[in-house]
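> 3D model of this:
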Amino acid sequence: MNELESMYKSYSKEQYEELFSNFLINSWSYSKVSAFSRHEKCFEMNYIFGIFSKSSAVSIAGKAYHHALNYYFSQKKLGVKVGLVELEQSAFAYIDEVPANQWKLQKTLPTVEECKAKATKAVTFLLKSFVGEIRTYEDDIKEILEVELYCNEFLVINGVDIPLPCHAMIDLIVRTKKDRIAIIDHKSVNAYSGDDEIALSIGEQAITYVKCYEEKMKVRVDEVWFLENKTSENKDKSPQIHPFKLDIDDDTRRLYEAMLYESLKRMIDAVGDPDYVYLINKNDNFVDLAEIYDFWARTMIAEVEDFNIDESKKPLVAKRLKKIRDASVKVINPKVIKNFKENASKFIQYDISTADMTKSEKIEHVLRSFGTIVKVAYQLKGYSSDTFLLEFSAGVKISSIYSHRLDLANALDVPNVRMTTDLVMHEGRSYLGLEVSKKREHDLIFDMAELQEMRIPLGKDNFENTVIWDLNNQATPHALVCGATGSGKSVLIRSTVEYAKAAGIDEIVILDPKFEFMDLASNKVSVYNDIILIEAKMSHLVMEMNELVKTGRKKKTLIVFDEFADAVANSRSGKELDVYETVEVGRYANGMPKTKREKVGEIKSLEENLRILLQKGRSTGYRIIAATQRASVKVITGDAKVNFPVQICFRVPKEADSRVVLDESGAESLAGRGDGLIKSPEYKSTVRFQAFYKPVEA
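Take a look at the predicted model:
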């Protein structure tokens, strides 16, 4: 363990505030020290002004590989075996979550789709190598102690108290079969490092991890392993995972601490001096030099609010920017600096997302750059998205506009955009609708004035039209609702129940296996949670419906079935539905009856009763809204969708999920929290809307 303990650990809250107020950053790390040593101006751009370059496909593949390995060892620690397919799914999910505007496009990979394909191919190869050579890891491991351990510790380096805490995220800590504590770092590389090279170059990173872990856990580290996995196959068919194990003895500690301290001290001195001049390294091949000069120009003319700076550091950085501007205008005419920034596109790779253009101008510019001339005729502002109506000439192929959705998303700095499948009619003309998600500034509050007879208001579209579900329309008797957690599904159900109560529905039955709507129970609303009670109530509803059919009567009944897929899966099936009775099959010689337990019938399953209500209930006044998180073809089959003419989909994780519910993509790009799509006979095409929100009464 560390023999010296930092004096800063005993500071009070007030002392910490005073301490941190003297530095442009709040913590240090190996990556920050390494960045400062390699390129000071790049360090300033990244860690002081919060501007980071976009990530290449190979870089994202490496992060996805780390993500998958953390999942593997987390599960292994719990005693759960994870296979290659699960690892790939974990990595692919990580890649899918990377927003379109964070991918670095290059000449060889000019689109986000090609970048994703490259990253997917690379991480697939890395994971196959990992699984195939897992013994390289596990042969020496006795016990997994920690996985992806976060550290933020004040340290003593080379005998000196460092006045900022060290931040580190350690991949894996294990106990070896020799009862030694080892830190393991996963690395994905294009080419292996030589043993001599890695022994020197990796020392600063190793000692940073060692000091952090020892300070946090009060346990001495004996070894650090770096396991390099190469993204391409070795021509000599040698193992893909190249291990380098570093023994952390006393001499090694002193050497690496001295190496680290030299670089660390220079960085700490720099961030403690608001007047420090960070130099540009023109020989750094790891960064785009044009991007660095663009940043340099911005610091001469921009305000502190134009950068992504930590709130606590804004006063210091604001003073720094003022000094930079004051110094620059003394030697450079401000017009020259402004012209340099505006004309940077002549020699800087142009990033339209940061350009001084309106969203409409960006849309027109991006499509024009691909040879498609359009004009944004209207911009309609909604709650969770804005709609841009695109006007184009007769010679323009609409398919060419669809193919550039991610290019538009990149320019507008959003993960994705949605285009309407049909043309939109507005003021007597047809347009192509482009919908762009945004951060919602206010909610669409539940308003009883929106209710007209049995026309249940669901929300509003961007044209301020109220989207409805008409319970009196025989073409729209039942509604299917799908959406991931937090997408707005439950909020829609709550507002629908309130509107239905006010509309004069005779009875509302809520089947709630997840105990989410118990507070809605009232004289008119009954809530059932236990699966046995849900089955019994559904059976009763079918019997009641059959009686109504015989007598020719109607009863306005709304059935809300939340998470119906899970309920059906957990309900009784097969032999559990058989009904047995004890029957007499003869008599014994003494005259006593001889009996036998025989099957005399079977009760209908929950799924069968639901199907009967969906198909026959509409004529007697039954209306069903069924909700699920699982957009699976096993749950939402073609036959099931026939019974739900109204299909509502909130945000789902993948495009395939959207197609299961709506037969079209789009729900994967929704903003969440009530931003939804509805497909109904009431409307000619799929409509995007914001659901009403009814605040919970205190």
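> Helix or strand: which one has residue 179?
Secondary structure from DSSP states H and E places residue 179 outside every helix and strand.
> Let me know how buried the nearest residue to it once chain neighbours are set aside is, in neighbour terms.
Computed as C-beta to C-beta, 6 or more residues apart in numbering, the closest residue to residue 179 that is not its neighbour in sequence is residue 142, at 7.2 Å. For glycine as for every other residue, the C-beta is placed from the backbone atoms N, C-alpha and C. A count of neighbours around residue 142, defined by other C-beta atoms under 10 Å, yields 13.
> Check the offset of whichever strand or helix holds residue 142 from the chain's centre.
Element membership for residue 142 (DSSP H and E) is strand 141-153. Relative to the chain's own centre, strand 141-153 is displaced by 25 Å; criterion: C-alpha atoms, centre = their mean, to the nearest Å.
> For residue 489, give its distance to residue 154.
46 Å (C-beta to C-beta, to the nearest Å).
> And residue 235, by the same measure?
Relative to residue 154, and taking C-beta to C-beta, residue 235 is found at 48 Å.
> Neighbour count for the two, which is higher?
Neighbours were counted for residue 235 and for residue 154 using other C-beta under 10 Å; residue 154 has more, 19 against 6.
> Quick check: nearest residue in space to that one, chain neighbours excluded?
Using C-beta to C-beta, 6+ apart, the nearest residue to residue 154 is residue 6, at 3.8 Å.
> sorry, back to before: return the residues in contact with the residue nearest to residue 179.
Counting by C-beta atoms under 8 Å, 6 or more residues apart in numbering, residue 142 touches 174-177, 179.
> now residue 98
Residue 98 touches 55, 60, counting by C-beta under 8 Å, 6+ apart.
> What does it show for phi and psi?
When read as degrees, to the nearest 10, the backbone of residue 98 gives phi -70, psi 120.
> Next one: it relative to residue 612, how far apart?
Counting by C-beta to C-beta, the gap from residue 98 to residue 612 is 46 Å.
> And for residue 287?
66 Å.
> now swap in residue 587 and tell me
42 Å.
> and what of residue 31?
To residue 612, residue 31 is 62 Å away according to C-beta to C-beta.
> Also residue 631?
24 Å.
> which of the two has more neighbours?
Neighbour comparison, residue 631 and residue 612: the larger count goes to residue 631, with 24 against 16 (by other C-beta under 10 Å).
> Surely the more buried one is in a helix?
No. Assigned with DSSP: H, G, I helix; E, B strand; the rest coil, residue 631 falls outside any helix and is coil.
> tell me the phi and psi of it?
Dihedral angles (degrees, to the nearest 10) for residue 631: phi -90, psi 70.
> right, and it touches residue 655 too?
No. With contacts counted by C-beta atoms under 8 Å, residue 631 stays clear of residue 655, the gap being 10.6 Å.
> Would you tell me what the next helix or strand after the helix or strand of the chain with the lowest mean pLDDT is?
Lowest mean confidence among the helices and strands of the chain (mean pLDDT, DSSP states H and E): helix 334-342, at a mean of 51. Heading C-terminal from helix 334-342, the first helix or strand you meet, by DSSP H and E, is helix 359-369.
> quick one: contacts of that following helix?
Against helix 359-369 from outside (C-beta under 8 Å, 6+ apart): 352-353, 355, 357, 373-376, 379, 386, 388, 390, 401, 404, 407-408, 411-412, 434, 436.
> mind saving the C-alpha coords of that helix as PDB?
Extracted C-alpha coordinates of helix 359-369, given in PDB (Å, rounded to 0.1, in the frame of the first residue of the first chain):
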ATOM      1  CA  LYS A 359     -31.600  24.500 -39.400                       C
ATOM      2  CA  SER A 360     -33.500  25.200 -42.600                       C
ATOM      3  CA  GLU A 361     -30.300  26.400 -44.300                       C
ATOM      4  CA  LYS A 362     -28.400  23.400 -43.100                       C
ATOM      5  CA  ILE A 363     -31.000  21.000 -44.600                       C
ATOM      6  CA  GLU A 364     -30.900  22.800 -47.900                       C
ATOM      7  CA  HIS A 365     -27.100  23.000 -47.900                       C
ATOM      8  CA  VAL A 366     -26.500  19.300 -47.100                       C
ATOM      9  CA  LEU A 367     -28.900  18.000 -49.800                       C
ATOM     10  CA  ARG A 368     -27.500  20.500 -52.300                       C
ATOM     11  CA  SER A 369     -24.000  19.100 -51.600                       C
END
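> What is the distance between it and the centre of its chain?
27 Å.
> next one: the helix or strand that that helix is followed by to chain centre, how far?
Later in the chain than helix 359-369, the nearest helix or strand by DSSP H and E is strand 374-381. Strand 374-381 has its C-alpha centroid displaced from the chain centroid by 29 Å (C-alpha atoms, centre = their mean).
> and if you look at stretch 462-470?
On C-alpha atoms, centre = their mean, the centre of stretch 462-470 falls 29 Å from the chain's centre.
> Show me the contact partners of that stretch.
With C-beta under 8 Å, 6+ apart, stretch 462-470 has contacts from 380-382, 385-387, 426, 435, 450, 452, 454-461, 476, 479, 496, 646, 678, 680, 682, 687-689.
> go on, stretch 70-85?
By C-beta under 8 Å, 6+ apart, the surrounding residues in contact with stretch 70-85 are 86-87, 90, 127-128, 130-131, 144, 147-148, 171-172.
> Generate CSV for the residues you listed, with neighbour count, distance to residue 518 and pLDDT as supplementary columns.
Below are those laid out as CSV (neighbours: other C-beta atoms under 10 Å; distance: C-beta to C-beta, whole Å; pLDDT from 0 to 100):
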residue, neighbour count, distance to residue 518, pLDDT
86, 15, 36, 88
87, 24, 40, 92
90, 20, 35, 91
127, 22, 44, 94
128, 14, 48, 92
130, 23, 46, 94
131, 15, 46, 93
144, 17, 41, 96
147, 21, 38, 95
148, 16, 37, 95
171, 20, 44, 96
172, 25, 43, 96
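> Between those, which sits nearest residue 269?
Ranked by distance to residue 269 (C-beta to C-beta), the contacts of stretch 70-85 are led by residue 171 at 30.4 Å.
> State the distance from that closest one to residue 149.
Counting by C-beta to C-beta, the gap from residue 171 to residue 149 is 8 Å.
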